[in-house]
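Trainee: fold the stuff below for me.
(2 chains)
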Amino acid sequence: MSDFVRELEENARARFVRWHPALWSELLQGPAQALGQSLDAAGVSEDEAGQLMRSYLQLGAEGIGLGYLYPATSGRLNVFTLAWSTLVPRLLAAVPSARRADTLAQLWNLGENLEAAPPWVQRVFCRVCRDLPSLDDIEARLRRVAASVLEAPSTPLHASAQAQWVDLSREDTRFLPGAVHFLAPTVVCVHDRHRLAAAGRDAATQGVWLTETPLPLGAMGCKEAPPPTCEPTAALVSLEQRDARAGEWFTTGANDWRAVATMQTSQWLAVLVPA
Amino acid sequence: MANQDWVSRLLTGRASADKGLNVHLSERDGGGLHDKMRQAYWWITNNAVICPYYDIEFGGRAALKNAAGDEVHLPEDMSYSSFVLIPLLTLFTCRRAMLVGGPGRGKTTSAILMALLSGMSRDEVHRGIQRGHPQLSIADLLGAPLPSDMLKAEDMAQVKVSWRKWIGQRVKIIDEYNRIPTKTQSALLSLMAEGYAEMMDQYVYAGRSSWFLTANDDQGGGTFQVIEALKDRIDVVVRAVPFNSHFIDTLLQRIEADRSPEEMLPREIVFTPGELEKIHASILAVEVPPDVLERVAFFLGQLDFCRMASPRFEFKHKDTLKLAGQTVSAVCNEQCPLDKKVHLCTQTENGVSVRAYQTILHFAKALAFFRGHATVELEDFRQIAPWVLHEKLVPNARSPFFEVKGHRPLLQDRVAWIRQMFDMAGTQYDAHLPLRRKVDALRKELDKGLAGVDLRTTERRLAAVTALMNDLLSRHELSGPLYEDLIHLKSMYSRYRNYATWLKESPGGTP
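Mentor: From the prediction side, this is the model:
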């Protein structure tokens, strides 16, 4: 194995200008060791464990060279880093033997394809993958994610909805929420009131995934220009009456399942989800 | 179910497991070439050319300012150094770049690196560099017939010219081209412009190649005046930058190692002829979205306009002035009612040639491809256009625009000047768009063709074109963009009129 690792590293140094030796050491000494131990503890045969380790390291080296894997100190996370640093070492051993190699390939493809997706899609998948209890049948789990993001929820919004507050200044300190529109039944895009699209440049936008605990999705790269509308729904009127923070709406947006509102002098977004 | 297909696509890609449960990773289609291009860029930036000037920026920008008005921009996306990137793009697009700047700034080194990246050996590169000097003759540059052949030959066809080997190289380097005598420049022009050279009725072809010409100073610092036609053939300008003394330790290491960057170029970033051809073809295949193209056309198209050039509508452009030996600065005065602070036409002495249009489009595609995009963005044009137009657009230094506070320094920095014109055009585009849409609608109708269109329909369309022309002329200020629209409409009018006349003269015939 040490010859294999040495050869892999030499090839990677030659192929990748941005090769990160410290990150490679971090991978070898941390997650790779954890994977070896979990495969050993699960009673996986030496041959199969060796094969899986070689594939894991080969894909990991490619990921480091291409900049998919982030160091732990960077504070950034993407699906590839989550998969290679945490999910695979912890959960691969529990996948049935015949499907382990496939699972590794699927996770690689997911990580690479998401690098080319909008940042908010990465965040959604990071959030979901972080809490995965198992890597078995990962496709079915991801289909459930896609459904929860892109398809309509089962519970409609009533007047007695639960309010959540999202501070949009945490992502962008200059952001002043303006017009809102829904990209999916539970994904809202908020446009900055002043930093509109001009001379071919995109407007400043932020997305929020309106789950029970809203998840900020960061910049959306949205090219639409929705007009700011303010038509408070019954649920928003009810919120205004019972919550001292709510009121003086600047814009509102609602569909059958979610409602959102921005205020005149606030960087917060009011979100209503079914109670 | 489209969402579920999306999930399947996310899980499918380069990695796959075989029956033996090994995971294989395939090469990325096209992406392999993007990677290699970027690896080449980063290797040069990190190891060869020490250039901390990142002046091609993408993404939104935060600005750090001081009380004196100086600004430092911090882009939120990738940024690149023009001194490294533009020569690379020139290599991939087989175009011609002029590297200009003070002596010892790395101009020739940069060109040599491009030649090495194309697969040439160090010896080939060094022997193939054509160094400009006042005694450089055509024979020195291109080749000459062997004296023995000339003595033996009884007619011209028997004389064989021994052409210089550098003519057939993929990368051609002309060092200090403004020291080449004018007569020899003409021979070089033929090779650069037409792709072939001729001597004694024999021809040699340059083949598809990239050219790198260096000059210390193109404002008359060379020995000979560069002929206009040769200057015009240069597609893009690269400005050499001063050395930043923070990197003096790197220079020291280089001296102590006694090796130059050329000697350390890794094999992995050298492109094969096949890869270069593939990159060239892939660049041409990058799409330019129609709305982006319109904005660029809106900017470039108005630069030729000069309201004062002629009383005749069709001749209200700067070529009319040039042919009369007149300058824009002489006529662009208070007699022209246009606001000089708003309209771009006042800022330039000339417009943009068709060749320059094509070069901008080509380089924008190359830049988008380098960044790994399938379509060109407006920002690609915004970043590359100033370098392409650097030597092609001449500022009208006497324009009132440059008398506005803060605008005078733009005369010293062509890149900043051209970029600000691009931005001004961008803000004007949205206001002008409704008018342009009306013109486009009529154009779309004409583009469907005239087959089967009868005289009545033709005359109705003529009336529509005339009405719109009347509306534009009588209710809007005659500016550069409006002039372009009116010329376009008049061309449509002429086509319809010619067709109507033909219909009247030969009813029932086929156009």
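Trainee: tell me the contacts of B:L25?
Mentor: Neighbouring residues of B:L25 by Cβ atoms under 8 Å, 6 or more residues apart in numbering or on different chains: A:58-59, A:62, A:108, B:14-15. (Glycine included, C-beta is placed from N, CA and C.)
Trainee: switch to 6 Å and redo it
Mentor: B:14-15 (Cβ atoms under 6 Å, 6 or more residues apart in numbering or on different chains).
Trainee: can you read off the pLDDT for it?
Mentor: For B:L25, the pLDDT comes out at 79.
Trainee: what is it paired to in the beta sheet?
Mentor: Note on B:L25: beta-bridge partners by DSSP bridges are B:A15.
Trainee: wait, doesn't B:A240 sit right on B:R105?
Mentor: Yes. The pair B:A240 and B:R105 qualifies as a contact (Cβ atoms under 6 Å) at a distance of 3.5 Å.
Trainee: excluding its backbone neighbours, what's nearest the closest residue to chain A within the stretch 51-200 of chain B?
Mentor: Relative to chain A, the nearest point of the stretch 51-200 of chain B is B:G60 (7.2 Å; Cβ to the nearest Cβ). For B:G60, ignoring the flanking residues on the chain, the nearest one in space by Cβ to Cβ, 6 or more residues apart in numbering or on different chains is B:E76 at 4.9 Å.
Trainee: count the neighbours of residue 246 for me.
Mentor: Because you didn't say which chain, this covers chain A. Neighbours of A:A246 under the rule other Cβ atoms under 10 Å in any protein chain shown: 21.
Trainee: wait, chain B was what I had in mind.
Mentor: By other Cβ under 10 Å, the residues close to B:H246 number 9.
Trainee: phi, psi of B:Y205?
Mentor: phi -110, psi 140 (degrees, to the nearest 10).
Trainee: again, but for B:P266
Mentor: phi -70, psi 150.
Trainee: residue contacts, residue 122?
Mentor: You didn't pick a chain, so chain A it is. Contacts of A:Q122 by Cβ under 6 Å, 6+ apart are A:78, A:114.
Trainee: should've been chain B
Mentor: When contacts are counted by Cβ under 6 Å, 6+ apart, B:R122 touches B:E262.
Trainee: repeat that for B:M264.
Mentor: By Cβ under 6 Å, 6+ apart, B:M264 has no neighbours at all.
Trainee: how much space between it and B:L116?
Mentor: Distance of B:M264 to B:L116, computed by Cβ to Cβ, to the nearest Å: 10 Å.
Trainee: next: B:V352.
Mentor: In this view, B:V352 and B:L116 are 34 Å apart by Cβ to Cβ.
Trainee: I'd say the residue of the stretch 51-200 of chain B closest to chain A and B:D77 touch.
Mentor: No. With contacts counted by Cβ under 6 Å, B:G60 stays clear of B:D77, the gap being 7.8 Å.
Trainee: show me the shaky parts of the stretch 1-150 of chain B.
Mentor: B:1-4, B:27-32 (pLDDT under 70).
Trainee: circling back: neighbours of the residue nearest to B:G60, just the number please.
Mentor: 12.
Trainee: go on, A:A184?
Mentor: Using other Cβ under 10 Å, A:A184 has 17 other residues around it.
Trainee: list phi and psi for it.
Mentor: Dihedral angles (degrees, to the nearest 10) for A:A184: phi -150, psi 170.
Trainee: give me the phi and psi angles of B:D55.
Mentor: The phi/psi pair for B:D55 (degrees, to the nearest 10) is phi -110, psi 0.
Trainee: what is the burial count for the nearest residue in space to it that is not next to it in sequence?
Mentor: The shortest distance from B:D55 to any non-neighbouring residue, by Cβ to Cβ, 6+ apart, is to B:S82 (5.2 Å). By the other Cβ under 10 Å criterion, the neighbourhood of B:S82 contains 23 residues.
Trainee: same check on A:G36?
Mentor: Neighbours of A:G36 under the rule other Cβ under 10 Å: 19.
Trainee: name the SS class of it, please.
Mentor: helix (DSSP: H, G, I helix; E, B strand; the rest coil).
Trainee: now do the closest residue to it other than its chain neighbours, the pLDDT please.
Mentor: In space, A:G36 comes closest to A:M53 once its chain neighbours are excluded; the distance is 6.3 Å by Cβ to Cβ, 6+ apart. A:M53 carries a pLDDT value of 93.
Trainee: how much space separates A:M53 from A:D47?
Mentor: On the measure of Cβ to Cβ, A:M53 and A:D47 end up 11 Å apart.
Trainee: those two - which one has more neighbours?
Mentor: When A:M53 and A:D47 are compared for neighbours, A:M53 comes out ahead with 17 against 9, by other Cβ under 10 Å.
Trainee: and the nearest residue in space to A:D136 that is not next to it in sequence, how many neighbours?
Mentor: If the residues on either side of it in the chain are set aside, A:D136 comes closest to A:V95, at 5.2 Å by Cβ to Cβ, 6+ apart. Using other Cβ under 10 Å, A:V95 is surrounded by 20 other residues.
Trainee: give me the domain ranges for chain B.
Mentor: B:82-285, B:286-511 (automatic domain parsing).
Trainee: and those domains: which comes nearest A:A261?
Mentor: A:A261 lies closest to domain B:286-511 among those, at 29.4 Å (Cβ to Cβ).
Trainee: run a quick neighbour tally on residue 252.
Mentor: No chain was given, so I picked chain A. Here the number of neighbours of A:T252 (other Cβ under 10 Å) works out to 18.
Trainee: not quite, go with chain B.
Mentor: Neighbour count of B:L252, defined by other Cβ under 10 Å: 10.
Trainee: show me how chain A divides into domains.
Mentor: Taken from automatic domain parsing, chain A resolves into A:2-150, A:162-273.
Trainee: reformat these as TSV; add distance to B:I279.
Mentor: Formatted as TSV, these follow (distance: least, Cβ to Cβ, whole Å):
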stretch	distance to B:I279
domain A:2-150	18
domain A:162-273	26
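Trainee: can you spell out which helices and strands pack onto whichever helix or strand B:H488 is part of?
Mentor: Assigned by DSSP states H and E, B:H488 belongs to helix B:480-505. For helix B:480-505, the packing partners by 3 or more Cβ pairs under 6 Å, 6 or more residues apart in numbering or on different chains; DSSP states H and E come out as helix B:414-447, helix B:455-475.
Trainee: out of those helices, which is closest to A:A72?
Mentor: Of those, nearest to A:A72 by Cβ to Cβ is helix B:414-447, at 40.2 Å.
Trainee: list phi and psi for B:M98.
Mentor: Dihedral angles (degrees, to the nearest 10) for B:M98: phi -110, psi 120.
Trainee: from chain B, how far out is the residue lying closest to A:A94 once chain neighbours are set aside?
Mentor: Closest residue to A:A94 apart from its sequence neighbours, by Cβ to Cβ, 6+ apart: A:S134 at 6.2 Å. Going from A:S134 to chain B by Cβ to the nearest Cβ, to the nearest Å gives 16 Å.
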